[in-house]
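*Asks:* Sharing a sequence plus its predicted fold:
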Amino acid sequence: MQITENRVRISEIFTSIEGEGIFVGTKTMFVRLAGCHLKCRWCDTGYALPFNSGKEYSIEEAKELIDSQIQPFTYKVNFTGGEPLLQYEALIPIADFVKNRKGLKTYIESSCFDSFRFSKVLEYFDICKIEFKTPDSGVTEEISYQELLLNEFKCLELAKEHNKTTYIKVVITNSTEIAIFKVLVNNIFAKIEPSNISGFVIQPSYGIDEPKLEKLLNFYDIVYPLYPEVRIIPQLHKQIGAR
C-alpha cells in the first residue's frame, strides 16, 4: 500500500457503541483506516478493504478531523480497519495525538499480521486486541497461515511485556475445527499466564456460516479449564442496529 509521506487514508470516523470484546457497551470513537490484504470471509466491512477506498488526508488534517468529532464522555478511540498496521507510520502520530494530547484511551484492533509494525506502534496504545485467526477464516490468500500465527503470538508476547491491557479474540464459524482450536488454545496458554490477559472472547460469526449454540459451548469448554473468565460475546452493535 503506497501512501504519500505524512498522509493517511481513512475510510470513516464515527462514534458509536463498542459492539465487540471486553469493552462491549462503551461509548467509542472509531477511526477506520482504509485497506486490508487478508480478506477474511466473514469480514463485515468490505467497503474498507480496497487500498484506494476512503479519503486521503494529511496527518494534521486527520488530527483536526478527529478533534472536531470527539464527543463528551468518550471512553476510548478505536483504531480499526481495514488493517491499521498497513499504515503504521501514519498511525503513530495520530494515536500519539489522541493518547497524549487529548488524554483518551487508545485501542488498536488489528489482525496482528506483522509483529515488527506492531512493536513500532505499541507505545501509543493502551488496549490491544490480539485476534487469532483460524484456518477457515480464509486469510491465507496473501500470507501463509503459519506465518500469520507466528506474528500473532509475537504480538501477544509484546503486549504482555509492555503491560498493555490485552485480550484475545477468536471468531468461530460453523466450519471451525474444534481440534485445531484446542491446539491453538493450548499453545496460547503455554506462552502466557492467565494473569497476563484481561479476557478471552469467543465471537460467533454473524450472517455467514454461523455456529450453533452447542458448538459454541464446546469451544467454551476447551478454554474454561485454562481461563475461567472466557466469554462468548456476539457482535452487540448488530443486535441493536448500531454501526
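*Replies:* That came in fine, so what should we check first? Just so you know, these numbers come straight off a predicted model, no measurement behind them. Numbering: from 1, shown residues only.
*Asks:* Which neighbouring elements make contact with the lengthiest helix in the chain?
*Replies:* The longest helix of the chain (DSSP state H) is helix 145-161. Packing contacts for helix 145-161, counted by 3 or more C-beta pairs under 8 Å, 6 or more residues apart in numbering; DSSP states H and E, involve helix 115-121, strand 127-131, strand 165-172, helix 178-191. Using the backbone N, CA and C atoms, a C-beta is placed for each residue, glycine as well.
*Asks:* Can you lay out these as a markdown table showing mean pLDDT?
*Replies:* Putting these into a markdown table (pLDDT from 0 to 100) gives the following:
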| stretch | mean pLDDT |
| --- | --- |
| helix 115-121 | 98 |
| strand 127-131 | 98 |
| strand 165-172 | 98 |
| helix 178-191 | 97 |
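*Asks:* closest to E210 out of these?
*Replies:* E210 lies closest to strand 165-172 among the helices and strands packed on helix 145-161, at 9.4 Å (C-beta to C-beta).
*Asks:* Read off the pLDDT value for E141.
*Replies:* For E141, the pLDDT comes out at 58.
*Asks:* Give me the residues contacting the longest helix of the chain.
*Replies:* 110-115, 118-119, 122, 128, 130-133, 135, 139-140, 166, 168, 187-188, 191-192, 196-197 (C-beta atoms under 8 Å, 6 or more residues apart in numbering).
*Asks:* which residues sit in contact with the residue nearest the centre of the chain?
*Replies:* Among the residues of the chain, the one closest to the centroid is E109, at 2.5 Å (C-alpha atoms, centre = their mean). Listed by C-beta under 8 Å, 6+ apart, the contact set of E109 reads 78-81, 84, 129, 131.
*Asks:* Can you flag the buried ones in these?
*Replies:* Buried members of those, counted by 16 or more other C-beta atoms under 10 Å: 78-81, 84, 129, 131.
*Asks:* still on that earlier bit, could you single out the nearest of the contacts of E109 to S53?
*Replies:* Comparing the contacts of E109 against S53 with C-beta to C-beta picks out G81 as the nearest, at 10.4 Å.
*Asks:* could you dump the buried ones among the contacts of E109 to JSON lines with distance to G241 and secondary structure?
*Replies:* Shown next, in JSON lines, are these (distance: C-beta to C-beta, whole Å; DSSP: H, G, I helix; E, B strand; the rest coil):
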{"residue": "N78", "distance to G241": "19", "secondary structure": "strand"}
{"residue": "F79", "distance to G241": "24", "secondary structure": "strand"}
{"residue": "T80", "distance to G241": "19", "secondary structure": "strand"}
{"residue": "G81", "distance to G241": "22", "secondary structure": "coil"}
{"residue": "P84", "distance to G241": "26", "secondary structure": "helix"}
{"residue": "K129", "distance to G241": "23", "secondary structure": "strand"}
{"residue": "E131", "distance to G241": "24", "secondary structure": "strand"}
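*Asks:* How far does stretch 81-91 stretch from one end to the other?
*Replies:* Using C-alpha to C-alpha, to the nearest Å, one end of stretch 81-91 lies 12 Å from the other.
*Asks:* Could I get the buried residue list for it?
*Replies:* Neighbour count says stretch 81-91 has 81-88, 90-91 buried, by 16+ other C-beta under 10 Å.
*Asks:* Stretch 146-165 now?
*Replies:* Buried-residue list, stretch 146-165, by 16+ other C-beta under 10 Å: 148-149, 151-156, 158-160, 164-165.
*Asks:* hmm, back to that, can you select the buried ones among the contacts of helix 145-161 for me in PyMOL?
*Replies:* Only the buried entries of these go into this PyMOL selection, using 16+ other C-beta under 10 Å:
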select buried, resi 110+111+112+113+114+115+118+119+122+128+130+131+132+133+139+166+168+188+192+197
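*Asks:* so what's the nearest residue to I22 once chain neighbours are set aside up against?
*Replies:* Closest residue to I22 apart from its sequence neighbours, by C-beta to C-beta, 6 or more residues apart in numbering: G199 at 3.8 Å. G199 is in contact with 21-22, 167-168, 229, 231, counting by C-beta under 8 Å, 6+ apart.
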